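K.L.:
pasting the sequence and the predicted coordinates here, then a few questions.
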Amino acid sequence: MNIDEVKTALAAMTISPEDTFKVLQTISALANDVSRQSAARDLVIRTLAIRDRLRADFLPLVDSLVRAVGLIPYADPRQNRSIDDFYMLEAHRAPVPDDDLLFHTLQLQIFGDLLNGRNVILSAMTSVGKSLVVDAIIATGRFRSIAIIVPTIALIDETRRRLGRRFAATHDIITHPSQIPDPSRPVVFVLTQERALAREDLGAVKFFVIDEFYKLIVDDKDPDRAIDLNLVFARLAGQGAQFYLIGPTVGAVGGIADRYNPVFVPSEFSTVALDIVEFNYPDNSPERKNKLVELCSTLGSPTLIYCQSPPRAGQLAEHLLEHGDFKPIDATVAAVDWLRREYPNEWILTNALECGLGIHHGNVPRAIQQYMIRAFDAGDIRHIICTSTLIEGINTVAENVIIYDRRVKTTGFDNFTFRNIAGRAGRMRRYFIGKVFVLETAPVDEALTVDIAVGRQDENTPASLILELAEEDLAPISKARVGDILATSPLSVQTLRLNRHIDLQRQYAIHDVITKDIVLLEDALVWTEMPQPFQLRMVCELIHDHLDGVTLNRYGIKSGTGLKAELDRLRFAKTFRAYIDHRVTNKSSYQTISESVEQTLQLMRRYVGYTFPRSLMAISHIQAEVLTRAGRPVVGDYSLFASRAGSLFLNASVFALDEYGIPPETARRLTARGADPRTLDEALALAVDALDRPDADLHPFEREVIADLQRTLSPRQLAS
C-alpha cells in the first residue's frame with residue numbers, strides 16, 4: 001500500500017484484517033525511515049482514530065508504532081510491557097503536579113535542552129503541546145522568577161487558569177499591574193508586552209517565554225505592539241535570562257543567533273492529523289454562503305468558522321440564522337436574557353447565541369468572549385464564528401475549522417497564517433483527525449522567516465525601537481540615526497521615549513503649536529486630576545487635529561469638541577447601556593442597530609480604553625517639557641484622567657474583573673454601595689463575596705460567571 005491507499009483504508013467505515021495488516025506493515029516501513037517519520041506519525045494518528053474498530057490482536061502492534069513515532073502520550077496502558085518499555089515511559093513522564101502526563105519525544109527534547117541551560121526557539125504545530133514544557137520548567141523549581149509574555153489579555157486569562165490549577169498553592173501568578181508578588185514565594189508573571197514594559201520588578205526574572213514569537217516581526221500589521229515585544233525581549237534577554245520562544249511553524253529565525261546562540265527547532269511533529277478540503281469558491285459568491293450553510297448542517301461536532309472581520313462575522317451569523325438549521329436552545333438562556341438586559345435586542349450576537357451560534361471577535365466584550373469559549377468547550381454551543389482574535393493562541397476543542405475568508409481584514413493572508421488557522425482543527429486524545437474546509441483557494445505553500453528587529457537593525461528599523469535601546473544594543477547604523485534624531489529634535493530623548501508609539505513628526509507638530517501660543521494655551525494645559533471643560537476641550541482638539549483625526553472620523557467624531565462630548569457622555573452615563581442607547585439613537589442612517597452597537601463597543605474598548613489614554617499622555621509629556629523649559633513652575637499631569645479613561649471611567653481594579661470573566665456592567669453594580677477596591681485581589685474578593693450576599697441582586701448569568709471565576713482563584717486570592 002502507498003500512503004494514499006492507507007488513508008483510504010483507514011477512512012472506510014470498516015477495515016478487514018487483511019487490510020489492517022497491510023496498513024500497519026506500510027506504517028512500520030515508514031516509521032523505520034527517519035526522513036518519513038512525519039508521514040508515519042500522521043498515519044499512526046489516523047489508525048488511533050479507529051482503534052476501537054481494530055481486531056484485538058493488532059493492538060500491540062499499533063501500540064509499538066505509537067512509541068516508534070514518538071507519540072508516547074498515546075501509548076495504551078492496557079498493553080503488557082517489558083521492563084524496557086517501563087523505563088522508556090518513565091523517562092517521558094512530565095514533572096507537573098497532580099497530573100499523570102507523558103511527554104512525546106519532541107517535548108522531551110525541548111525540556112532537556114532547557115534544563116541544560118540552552119535558549120530554545122520552538123516552531124511547531126498548534127497541537128504539539130508547547131505549553132506543557134513551560135509548566136514542567138516551572139515545576140522543577142529551578143527559577144524563582146519566570147515571565148510568560150503572551151499577545152492578548154484573553155491568553156493571559158487562559159494561561160492564568162492553566163497555571164492556577166497546577167501552581168496556585170506554591171507560586172504567585174501575577175497578571176495585573178495592581179498585583180504585587182510575595183517575596184517569600186516563587187512568582188510567575190503572565191503579561192502582555194505592554195504590561196511587562198510597565199513593570200519595574202522583572203529584574204529578577206531568570207527564565208522567560210514569548211508565546212507567538214512571530215509577532216516579533218515589525219511590519220505594517222501592528223508595529224507598535226511588535227516594537228514593545230522586541231523591547232521586552234531585549235530587556236529580559238539582556239539581563240541574562242534564559243528564553244523559550246514558542247509559536248507556529250516558520251522557516252527560519254534571524255537577528256539573534258550571534259548574541260544568544262539559540263537552538264532553533266522547526267518541527268513538523270503533530271499530535272493530530274489534518275484533512276483539508278478546498279472548494280475554490282470566489283469571494284462573495286452565493287456558492288460560498290450555500291456551502292457554509294451545508295457544512296454547518298452536516299458537521300455535528302464543534303466547529304470554528306473563520307472570517308476576515310467583525311462586520312463579516314455579523315453578516316455570516318445573519319445568513320446562517322436565516323438559512324441554516326439553528327433553533328433556540330436551552331443552554332444559553334441565562335446568558336441571552338442577561339445580554340438583552342444590557343444591550344439592544346437587535347444585536348446579532350445575542351440573537352445568534354440564542355440559537356447556539358457563538359460570535360467571537362475584538363469588538364465583543366472580553367467577559368462575553370470568555371463565556372463563548374467556555375460554552376463551546378462544554379458543548380453548549382457547537383459553532384463559533386470568529387476572526388483572528390480566537391485563532392491566535394486560544395485553545396479550543398474544535399474538530400472542524402471552516403475557513404470562509406482568505407483574508408485578515410482586507411489583506412490576503414499567506415500560508416503561515418493559513419496553517420495557523422487550520423491548526424486549530426483537532427484536539428489531542430479527543431479528535432484525532434481535524435477537518436479543515438477552505439471555501440476559497442488555499443495560499444501557496446511558502447516558509448516564513450522571522451527577523452527579530454532588535455537584533456537585525458537597518459535603515460528601516462523604527463526610530464521608536466532604537467531610541468529605547470541601550471547604547472550597547474545599537475548597531476552602528478542605529479547609533480548614527482539616533483544621533484541625527486537627537487541633534488534635530490525639539491524634544492528631549494526622555495519625552496520621545498515616553499511617546500514611543502507616536503510618530504516623531506506628529507510630536508514635533510504638537511510641540512510647535514504649544515510653543516507658539518504658550519501664554520494663550522497655558523491655562524488650558526496646566527491641570528491634574530479631573531480637567532475643567534475648557535481644558536478637556538483643548539487637549540481633545542490637539543488629539544483630533546494632530547493624532548487621531550482619521551481614526552475618530554470612523555466613529556462619526558469630526559472635531560475635538562465632538563471627542564470631548566463623547567468622553568463626557570460616557571463618563572457621566574449611569575450605565576454602559578445608557579451610553580450605547582444614545583449612540584444607537586444617533587447612529588448613521590446607513591447603519592443597522594447591530595452595527596451601531598458593535599461600533600460603540602469598538603469605540604469604548606479600542607479608542608477610549610486604549611488609544612485615547614496613549615494620545616492624552618503624549619500631550620501631557622510634551623506640554624510638561626515645553627512649559628518646564630519656559631520656566632513655568634507648574635505643569636500639567638494627565639495621568640489620572642488617562643488611567644480613568646483606560647478603565648472606561650470605572651474603578652480600575654473593578655474594571656480589571658473583565659479580564660477574569662466578570663462583565664463591567666456586573667462589576668459596576670457590585671460597587672454601587674460605595675465599595676472602592678484598591679487592588680485587583682480586593683475586587684476579586686468583592687465579586688466572590690457577592691455570591692453569598694442576599695442584597696447583591698445577581699442575575700443567574702452573573703452568578704454563573706462569578707462561580708466560574710471562584711473555581712479558578714488561588715486559596716490566597718480567596719482569602720484576600
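P.N.:
Okay, I see it. Model, not experiment: these values are computed from the prediction.
K.L.:
which residues touch the longest helix seen in the chain?
P.N.:
Scanning the chain for the longest helix, with DSSP state H as the assignment, gives helix 612-629. By CB atoms under 8 Å, 6 or more residues apart in numbering, the residues outside helix 612-629 that reach it are 491-492, 495, 498-499, 501-502, 507, 510-511, 514-515, 518, 522, 525-526, 539, 542-543, 547-548, 567, 634-639, 641-643, 645-646. Just so you know, the C-beta spots here come from the backbone N, C-alpha and C atoms, and that holds for glycine as well.
K.L.:
just the CA trace of the helix or strand containing V519, in PDB.
P.N.:
Following DSSP states H and E, the helix or strand that holds V519 is helix 518-525. C-alpha atoms of helix 518-525 as PDB (Å, rounded to 0.1, in the frame of the first residue of the first chain):
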ATOM      1  CA  ILE A 518       2.300  79.100  25.200                       C
ATOM      2  CA  VAL A 519       0.800  82.100  27.000                       C
ATOM      3  CA  LEU A 520      -2.600  81.600  25.400                       C
ATOM      4  CA  LEU A 521      -2.700  77.800  26.000                       C
ATOM      5  CA  GLU A 522      -1.100  77.700  29.500                       C
ATOM      6  CA  ASP A 523      -4.300  77.800  31.500                       C
ATOM      7  CA  ALA A 524      -5.900  75.100  29.300                       C
ATOM      8  CA  LEU A 525      -2.900  72.800  29.500                       C
END
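K.L.:
after that helix, next one along is what?
P.N.:
Downstream of helix 518-525 (by DSSP H and E), the next one is helix 533-543.
K.L.:
low-confidence ranges, this protein, go.
P.N.:
The model of the chain has pLDDT under 70 over residues 393, 715-720.
K.L.:
pick out the residue closest to the middle of it.
P.N.:
What sits nearest the mean C-alpha location of the chain, by CA atoms, centre = their mean, is T152, with 3.3 Å.
K.L.:
and the nearest residue to R55 once chain neighbours are set aside, backbone torsions?
P.N.:
Once flanking residues are discounted, R55 sits nearest to P17: 5.8 Å by CB to CB, 6 or more residues apart in numbering. Phi and psi for P17, reported as degrees, to the nearest 10, are phi -60, psi -40.
K.L.:
contacts only, for the residue nearest to A696 when sequence neighbours are not counted.
P.N.:
Distances taken as CB to CB, 6+ apart put A690 closest to A696, at 4.1 Å, once the chain neighbours are dropped. By CB under 8 Å, 6+ apart, A690 lies in contact with L670, A696, L698, I706.
K.L.:
where's A690 relative to A273, distance?
P.N.:
46 Å (CB to CB, to the nearest Å).
K.L.:
would you map the strands across the stretch 201-350 of the chain?
P.N.:
Secondary structure of the stretch 201-350 of the chain (DSSP state E, counting those that start in this stretch): strands at 207-211, 242-247, 252-254, 263-266, 273-278, 303-306.
K.L.:
could I get the ones you listed in JSON lines, plus columns for distance to D98 and mean neighbour count?
P.N.:
Listed next are these as JSON lines, based on distance: least, CB to CB, whole Å; neighbours: other CB atoms under 10 Å:
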{"stretch": "strand 207-211", "distance to D98": "21", "mean neighbour count": "24"}
{"stretch": "strand 242-247", "distance to D98": "22", "mean neighbour count": "24"}
{"stretch": "strand 252-254", "distance to D98": "34", "mean neighbour count": "16"}
{"stretch": "strand 263-266", "distance to D98": "28", "mean neighbour count": "15"}
{"stretch": "strand 273-278", "distance to D98": "30", "mean neighbour count": "16"}
{"stretch": "strand 303-306", "distance to D98": "30", "mean neighbour count": "25"}
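K.L.:
which one of the ones you listed lies nearest to G362?
P.N.:
strand 303-306 (14.0 Å; CB to CB).
K.L.:
identify the residues contacting the closest one?
P.N.:
Strand 303-306 has contacts (CB under 8 Å, 6+ apart) with 292, 295-296, 316, 382-387, 390-391, 396, 398-405, 421, 424-425.
K.L.:
need phi/psi at the residue nearest to the centre of the chain.
P.N.:
Torsion angles, degrees, to the nearest 10, at T152: phi -140, psi 160.
K.L.:
rewinding a little: how many residues are close by the residue nearest to R55?
P.N.:
11 (other CB atoms under 10 Å).
K.L.:
so what's L465 closest to, chain neighbours aside?
P.N.:
Among residues not flanking L465 along the chain, I227 sits closest, at 4.8 Å (CB to CB, 6+ apart).
K.L.:
residues near L89, how many?
P.N.:
L89: 15 neighbours (other CB under 10 Å).
K.L.:
could you do the one 3 residues further on as well?
P.N.:
H92 is flanked by 20 other residues according to other CB under 10 Å.
K.L.:
just L627 next, same as before
P.N.:
Neighbours around L627, by other CB under 10 Å: 21.
K.L.:
for I137, same thing?
P.N.:
For I137, using other CB under 10 Å, the count is 22.
K.L.:
I'd say it and G112 touch.
P.N.:
No: counting by CB atoms under 8 Å, I137 stays clear of G112, with 11.3 Å between them.
K.L.:
which parts of the protein belong to which domain?
P.N.:
Here the domain parsing of the chain from automatic domain parsing is 3-79, 105-266, 273-438, 489-646, 652-718.
K.L.:
which residues in the stretch 151-300 of the chain form helices?
P.N.:
Listed in chain order, the helices of the stretch 151-300 of the chain (DSSP state H, counting those that start in this stretch) span 153-167, 193-198, 223-238, 257-260, 286-298.
K.L.:
tell me which of these lies nearest to N32.
P.N.:
helix 257-260 (33.8 Å).
K.L.:
surely V450 is within a strand?
P.N.:
Yes: counting by DSSP: H, G, I helix; E, B strand; the rest coil, V450 falls inside a strand.
K.L.:
what sits against it?
P.N.:
For V450, the contact set (CB under 8 Å, 6+ apart) comprises F213, Y214, L216, I217, V250, A252, V253, G254.
K.L.:
list the beta-bridge partners for it.
P.N.:
V253 (DSSP bridges).
K.L.:
from S123, how far out is it?
P.N.:
Taking CB to CB, one finds V450 at 8 Å from S123.
K.L.:
what touches both of these two?
P.N.:
Shared contacts of V450 and S123 (CB under 8 Å, 6+ apart): V250, V253.
K.L.:
check the offset of stretch 242-260 from the chain's centre.
P.N.:
Centroid separation between stretch 242-260 and its chain, computed with CA atoms, centre = their mean, to the nearest Å, is 20 Å.
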